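>>> Got a sequence here, can you build the structure:
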Amino acid sequence: SSPPGLDEAASDSDAPSAVWVKPEAFAGESFDPSAYLNDMRRFVPLEDLRKELDTHLGTLKAELVELINRDYSEFVGLSTSLTDVDGAILRMRQPLTEFQAKLKQAKEEVTANLDELEEGLARRSEAVAARATLELLLDTAFVMSKVERLLSELDSSSSAAEDVSARAQLLERIASEVNRLQFYSNRGKALPFVMQTKGRIDAAEAQLLDSLRVCLRDGLEKQDRGVLLHCLHAFAALGHADQAEALIREVVMAPVVRRVLDSLPAASPSGAAPAGRELGTVYDMLLRTLLKESAFVLAPMREAAAGLQAYNLLANSLLAEVDEAVASAYPAAFSAGNPTAFLANYNASLRFLTGLEAECPNRAVLAAFRSSPAVTSFSKRWNLFAYFSSHFQEVASSLDQALNGGMLVAAGPSDAAVVEGGEEQFALQAMAVTWKCLQQCWRQEVYVSALADRFLKLSLQVMARATSTVEGELRPGAEGVARAKAAAGATTSGAEEAKRASGAAFATPEELAMLLHDLELLQALCKNEYSSVIERRLEATVPAEVVKGALAAIEDGADG
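Numbering: from 1, shown residues only. You can find the predicted model right below:
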């Protein structure tokens, strides 16, 4: 049998649905009734759509009735077959409750064991830390006692010449122990015992450094390689390589520098190098003599196996002493007041640095040398900006005087032959002086590679100044023409003044031809000879891309 009322519901399902009603669209999770209606109403009237949806609803009710009728007898008999449900639940509850109690007990036991284990691990960690602290204190006390004992043995030992080598070995051994002591002290710096021992450590280190200085001085004076290596290793272990470098500078470098400078004629009252004795000669003699007489000190520095990487004797001992001594003996040699002498002395200093760099055995040593404070201090003595400023003033003054004097002034005897080896020469003074100013920037006697960017900028400024002047001369303003006419009606000299005031307004065809000739000649020189000179100067110190860009700028300036 079937439940009442369900058979009637099935009667409406006989009519078929339209093909455009797709039941699967209603089952989608993203189904939106409003969107569906808006989509369907575009091609189906709402009344027809309602009828078709009612038909589909009837179909669904019919399917529901069929499902209920199929299993209705089992559904009705379900209540009679479910008997003694409460008893079954009670029978299952007891073992589940017992199992729950066992799980709770096991959890409590595991938690207790875990807490006990963590507590044990914490105690173990504390014990390990306490043991490490105790070992640190014991090691500190042991090494401190050992250092003090060795220092007492050092004081009681003989300082005879035959024992200097053994003394140096003992000093190196003590230095290694003091290095250990410093390590322990740094690790336990917050411990009261270590803090109390800090005074003893400092006293031992100071006593050791005093003994090391005495021993190193003895080894340097006797040129004993073994004593030298032991002492240098000891200074490096203590972290005081600078003290060893200072002592080597004092004992080895300073006497040699003083002897070389004393052998040269005294500086002039102005502080400049004596005639015939430019700094080039001074630096050459110092480099040659120092490398020869300090070879026993510098040679181990080039040996990787010597373990002296902490030292930079070339910079901190040799160069520092030379820099200070030369600056004191010839203070005016570093002045840019005389640009010619300044450049000669500056180039001599670069050769001196290059000679020292040649003594560096590898790139790491070379990098350390170049980045050292001694090299920085040596380079800062040369005021290159003041040197460039003096040449800038010279070029600007000459160029302004020539251009302001008029573009159509004929070149004089000193200006006519400014193009070396050229068949063509400049006809006008302004263009001849412009070419001279451009050459001045890159002459061997003027150019400095460290100022390459400034000299390039100056060259472009000279070109731009000449270009703007020529354009102004060829296109004078109304005020300039008026002044020219007024000057022309005055005197004969006024006529010449009129030409200058009006530019090319009253120029003859011959004068314009000379101006055109000079402009073309200057352009050709800048693109060929001048560019070649600049390329030779730059290619030795700057990347190829930079050289290419500089030449392109020069060519643009020449075309301007």
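>>> Show me the shaky parts of this structure.
The model of the chain has pLDDT under 70 over residues 1-20, 78-83, 157-162, 266-277, 413-423, 475-506.
>>> just checking, what packs against the helix or strand in which Ala367 is found?
Using DSSP states H and E, the element containing Ala367 is helix 363-370. On a contact count with 3 or more C-beta pairs under 8 Å, 6 or more residues apart in numbering; DSSP states H and E, helix 363-370 meets helix 339-357. To be clear about C-beta, it is placed using only N, CA and C from the backbone, and glycine gets the same treatment.
>>> buried ones in the helix it packs on?
By 16 or more other C-beta atoms under 10 Å, the buried positions in helix 339-357 come out as 339, 341-346, 348-349, 352-353, 355-356.
>>> what's the distance between stretch 458-471 and the middle of its chain?
Counting by C-alpha atoms, centre = their mean, to the nearest Å, stretch 458-471 is centred 37 Å from the centre of its parent chain.
>>> cool, stretch 456-470 as well?
Distance, stretch centre to chain centre, for stretch 456-470: 35 Å (C-alpha atoms, centre = their mean).
>>> Export that stretch to PDB, keeping only CA atoms.
C-alpha atoms of stretch 456-470 as PDB (Å, rounded to 0.1, in the frame of the first residue of the first chain):
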ATOM      1  CA  LEU A 456      86.700  65.600 -20.600                       C
ATOM      2  CA  LYS A 457      84.100  68.000 -19.200                       C
ATOM      3  CA  LEU A 458      86.400  71.000 -19.700                       C
ATOM      4  CA  SER A 459      87.000  69.900 -23.300                       C
ATOM      5  CA  LEU A 460      83.300  69.800 -23.900                       C
ATOM      6  CA  GLN A 461      82.800  73.200 -22.200                       C
ATOM      7  CA  VAL A 462      85.500  74.700 -24.500                       C
ATOM      8  CA  MET A 463      83.600  73.300 -27.600                       C
ATOM      9  CA  ALA A 464      80.200  74.600 -26.300                       C
ATOM     10  CA  ARG A 465      81.700  78.000 -25.500                       C
ATOM     11  CA  ALA A 466      83.200  78.400 -29.000                       C
ATOM     12  CA  THR A 467      80.000  77.100 -30.700                       C
ATOM     13  CA  SER A 468      77.800  79.500 -28.800                       C
ATOM     14  CA  THR A 469      80.100  82.400 -29.600                       C
ATOM     15  CA  VAL A 470      80.100  81.600 -33.300                       C
END
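>>> what's the neighbour count on the nearest residue to Met285 once chain neighbours are set aside?
Closest residue to Met285 apart from its sequence neighbours, by C-beta to C-beta, 6 or more residues apart in numbering: Val260 at 5.3 Å. When counting by other C-beta atoms under 10 Å, one arrives at 19 neighbours for Val260.
>>> I'd like the next helix or strand past whichever strand or helix holds Val260.
In this structure, Val260 sits in helix 254-263 according to DSSP H and E. Downstream of helix 254-263, the next assigned helix or strand under DSSP H and E is helix 279-293.
>>> now the angle from that following helix to helix 254-263?
Helix 279-293 and helix 254-263 are oriented at 140 degrees to each other (axes from the mean of the first three to the mean of the last three C-alpha atoms, to 10 degrees).
>>> the helices in the stretch 1-150 of the chain, which residues?
6-9, 33-40, 46-70, 72-81, 85-156 (DSSP state H, counting those that start in this stretch).
>>> follow-up on the earlier one: ok, the buried residues of helix 339-357 vs Glu445, which is closest?
Relative to Glu445, the closest of the buried residues of helix 339-357 is Leu343; by C-beta to C-beta it sits at 6.9 Å.
>>> Next, the contact list for that closest one, please.
By C-beta atoms under 8 Å, 6 or more residues apart in numbering, the contact set of Leu343 is 387, 445-446, 448.
>>> Out of those residues, list just those in helices.
Tyr387 (DSSP state H).
>>> returning to what we had before: who's in contact with the helix holding Ala367?
Under the criterion C-beta under 8 Å, 6+ apart, residues 301, 312, 314-315, 356-357, 360, 375 lie in contact with helix 363-370.
>>> In helices, which of these appear?
Reading helices off the contacts of helix 363-370 with DSSP H, I get 356-357, 375.
>>> coming back round to it: buried residues in the helix holding Val260?
Buried, per 16+ other C-beta under 10 Å, within helix 254-263: 254, 256-257, 260-261.
>>> any idea how far the strand or helix carrying Gln182 is from the chain center?
Using DSSP H and E, Gln182 falls within helix 164-187. Remark: helix 164-187 is offset 38 Å from the chain centroid, using C-alpha atoms, centre = their mean.
>>> Tell me what angle that helix forms with helix 85-156.
Using the same axes, to 10 degrees: helix 164-187 against helix 85-156 is 150 degrees.
>>> re the thing from before, hang on, isn't the residue nearest to Met285 packed against Leu286?
Yes: with contacts counted by C-beta atoms under 8 Å, Val260 reaches Leu286, the gap being 5.4 Å.
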